[in-house]
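Participant: kindly generate the corresponding structure for this input.
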Amino acid sequence: MKNLYMLFVVPAILSVQSAFASQHSQHDDIPSDIAESLVSTALKVCHSENKTGVVAVVDNGGNLVALQRDDNVGPHNTLAAQKKAYTALSTKSDTRELVSPP
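Facilitator: Take a look at the predicted model:
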């Protein structure tokens with residue numbers, strides 16, 4: 001369990017959305033291709049540290065846009081990732097602030 005990294009990319013989503021605001025000025029949700037890219041990048045970071053993980057990306061309404069989990073990661077971690085991403089969005093917090101110390 002200590003090798004499990006749960007990364008949630010809500011703060012990154014917000015910055016990506018502002019970067020694409022000119023292209024998507026009438027649509028506040030993150031495009032699925034950007035969400036998938038964030039998921040892929042976050043999991044690559046996990047793997048570079050020999051960790052497994054779950055990554056959830058939510059839109060401005062807290063709706064799940066993308067989610068991926070590594071093999072051997074339990075379903076309860078998937079739900080936790082979704083809830084943590086939503087909490088980070090609703091409290092406007094960096095998800096790192098929601099991680100308990102190791």
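Participant: in this structure, what residue spans correspond to strands?
Facilitator: Along the chain, the segments classed as strands by DSSP state E run 4-8, 52-58, 64-69.
Participant: I'd like to know which of those lies nearest to residue 82.
Facilitator: Among the strands of the chain, the nearest to residue 82 by Cβ to Cβ is strand 52-58 (4.7 Å). To be clear about C-beta, it is placed using only N, CA and C from the backbone, and glycine gets the same treatment.
Participant: for the record, mean pLDDT for the closest one?
Facilitator: Strand 52-58 shows a mean pLDDT of 94.
Participant: in its sheet, what does that strand sit against?
Facilitator: Applying DSSP bridges, strand 52-58 is found paired with strand 4-8 (parallel), strand 64-69 (antiparallel).
Participant: can you say which of the strands of the chain is packed in most?
Facilitator: Counting by mean count of other Cβ atoms under 10 Å, strand 52-58 has the highest mean neighbour count of the strands of the chain, with a mean of 26.
Participant: closest to residue 81 out of the strands of the chain?
Facilitator: Residue 81 sits nearest to strand 52-58 of all the strands of the chain, at 3.9 Å, using Cβ to Cβ.
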